[in-house]
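Student: sharing a model that was predicted from the sequence below.
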Amino acid sequence: MSGKKLAIIATKGSLDWAYPPFILASTAAALGYDVEIFFTFYGLQVVKKDLNLQVSPLGNPGMPMPMAMDKWFPVLGTAIPGMQSIMTMMMKSKMKAKGVASVEELRELCQEADVKMVACQMTVDLFDFNPSDFIDGLEFGGAATFFEFAGEADITLYI
């Protein structure tokens with residue numbers, strides 16, 4: 001153990017935003033960091049047992065579009081019903097073809113590497129989530145719980 005600590009606050013619940021906290025956490029853990037991820041608001045979606053994560057091209061101007069759609073397809077067209085499902089399917093297909101691990105696989109890697117994962121209790125209560133909907137090993141705590149760790153962290157990331 002290097003004694004270094006990485007604290008991550010995960011706030012996003014879409015497919016594309018599920019990857020950064022798990023990739024960074026598992027990499028840091030492999031490098032010997034002590035890692036904690038605090039999932040709050042929409043970030044709680046990525047620690048549910050049953051994932052139904054989507055990617056939305058709407059309001060995401062940096063997203064590379066297939067078939068150079070960003071050059072000829074109007075932005076408003078990304079709001080067409082069903083477009084989010086199509087884009088999600090295309091993104092998952094591309095990730096699989098490129099050998100990118102799934103969110104579930106990355107999450108399991110973090111669990112195996114003893115990354116501490118904490119769900120924001122206030123958000124769980126706010127959205128009336130059932131604690132049994134979340135993955136095993138997830139802890140529940142408030143901001144103060146996170147600050148106990150983050151206050152000593154060498155690196156803190158807000159994702």
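Tutor: Looks like it came in fine.

Student: any weak-confidence spans in this protein?
Tutor: Counting by pLDDT under 70, the ranges of the chain that qualify are 1-2, 56-84, 88.

Student: which parts of it are helices?
Tutor: Ranges of helices within the chain are 15-30, 69-72, 83-97, 103-112, 121-126, 143-150, based on DSSP state H.

Student: need the ones you listed in JSON lines (columns: distance to residue 47 and mean neighbour count).
Tutor: No exception for glycine: its C-beta is placed from N, CA and C like everyone else's. Formatted as JSON lines, the helices of the chain follow (distance: least, CB to CB, whole Å; neighbours: other CB atoms under 10 Å):
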{"stretch": "helix 15-30", "distance to residue 47": "9", "mean neighbour count": "20"}
{"stretch": "helix 69-72", "distance to residue 47": "32", "mean neighbour count": "12"}
{"stretch": "helix 83-97", "distance to residue 47": "19", "mean neighbour count": "15"}
{"stretch": "helix 103-112", "distance to residue 47": "7", "mean neighbour count": "17"}
{"stretch": "helix 121-126", "distance to residue 47": "10", "mean neighbour count": "15"}
{"stretch": "helix 143-150", "distance to residue 47": "14", "mean neighbour count": "15"}
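
Student: as JSON lines, these with distance to residue 158 would be great.
Tutor: Shown next, in JSON lines, are the helices of the chain (distance: least, CB to CB, whole Å):
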{"stretch": "helix 15-30", "distance to residue 158": "10"}
{"stretch": "helix 69-72", "distance to residue 158": "27"}
{"stretch": "helix 83-97", "distance to residue 158": "23"}
{"stretch": "helix 103-112", "distance to residue 158": "18"}
{"stretch": "helix 121-126", "distance to residue 158": "15"}
{"stretch": "helix 143-150", "distance to residue 158": "10"}
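
Student: which residues touch residue 46?
Tutor: Residues near residue 46 by CB atoms under 8 Å, 6 or more residues apart in numbering: 10, 13, 17, 18, 21, 22, 39, 53, 103, 107.

Student: pretty sure the second one sits against residue 39.
Tutor: No: at 9.1 Å, residue 13 does not count as touching residue 39 under the criterion of CB atoms under 8 Å.
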